[in-house]
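With the sequence up front, the predicted model follows.
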Amino acid sequence: RKEVEQDPGPFNVPEGATVAFNCTYSNSASQSFFWYRQDCRKEPKLLMSVYSSGNEDGRFTAQLNRASQYISLLIRDSKLSDSATYLCVVNAPGGYNKLIFGAGTRLAVHP
Amino acid sequence: NAGVTQTPKFQVLKTGQSMTLQCAQDMNHNSMYWYRQDPGMGLRLIYYSASEGTTDKGEVPNGYNVSRLNKREFSLRLESAAPSQTSVYFCASSTGDRSYEQYFGPGTRLTVT
């Protein structure tokens, strides 16, 4: 079983749509959770951290369910510029800031 | 600030050749990392350096060596390249505290024929 699992997609949605991505992680000792964004042929960049109480950053909302070991990302009012791959990331317990990356979910927003 | 820089951007090697990928960061970060990214797989950690003077193996270290030359620079060496090492290689750095955010370089696309 992969340590971080994501639906690879692609998710093809029209502009303005709401889209949700899900992710599960296997190590219950992980304490820190993130969503990174990766544009085609570019490096990953931090989109947002995920907190236990859930958090929002503009059109983006992240949720964490520790009991189910499940993380989600909701994007409202999708823009063409949201087209990218979204990586679910958790920390590797006991490591020196080591992160474990999911393979990513690809989003394509069309006009 | 340039952030994290990597050279070269592209490289083609023949099987058995060697090369060194260079990485430098100007953010005064303590920790540095080398990853490889293959289609359908997440970024996989090759080696990391928690602080200057230390290096440790990650998930997929076989066929690679690293050098933490100083606080700024962390190089990755392929001694005898194999087609299985065809990949995109990313260097990253972080402060080394528990903020966990990693900053990535633009990547090196390596093809081994």
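On my side now, so go ahead.

Enumerate every residue touching the residue lying farthest from the centre of chain B.
Relative to the centre of chain B, the most outlying C-alpha is that of B:R98, 21.0 Å out, by C-alpha atoms, centre = their mean. With contacts defined as C-beta atoms under 8 Å, 6 or more residues apart in numbering or on different chains, the neighbours of B:R98 are A:32, A:97. C-beta coordinates here come from the backbone N, C-alpha and C atoms, glycine included.

okay, it: pLDDT?
For B:R98, the pLDDT comes out at 70.

what's next to the helix or strand hosting A:Y36, contact-wise?
Per DSSP states H and E, A:Y36 falls inside strand A:33-38. For strand A:33-38, contacts defined as C-beta under 8 Å, 6+ apart pick out A:25, A:44-50, A:60, A:62, A:64, A:71, A:73, A:84-91, A:99, A:101, A:104, B:100-101.

Need the buried ones from the residues you listed selected in PyMOL.
Command for PyMOL, covering only those of the contacts of strand A:33-38 found buried under the criterion 16 or more other C-beta atoms under 10 Å in any protein chain shown:
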select buried, (chain A and resi 25+44+46+47+48+49+50+60+62+64+71+73+84+85+86+87+88+89+90+91+99+101+104) or (chain B and resi 100+101)
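
which ones among the contacts of strand A:33-38 are found in strands?
Of the contacts of strand A:33-38, the ones assigned to strands by DSSP state E are A:25, A:44-50, A:60, A:62, A:64, A:71, A:73, A:84-91, A:99, A:101.

show me which of the residues you listed neighbour chain B.
Applying C-beta under 8 Å from any C-beta of the partner chain, the subset of the ones in strands among the contacts of strand A:33-38 adjacent to chain B comprises A:44-46, A:49, A:87, A:91, A:99, A:101.

doesn't B:D26 make contact with B:G3?
Yes - counting by C-beta atoms under 8 Å, B:G3 does reach B:D26; the two are 7.0 Å apart.

Report the beta-bridge partners for the residue nearest to A:D39 when sequence neighbours are not counted.
Leaving aside its chain neighbours, A:D39 sits nearest to A:A84 (5.0 Å; criterion: C-beta to C-beta, 6 or more residues apart in numbering or on different chains). Per DSSP bridges, the residues bridged to A:A84 are A:L107.
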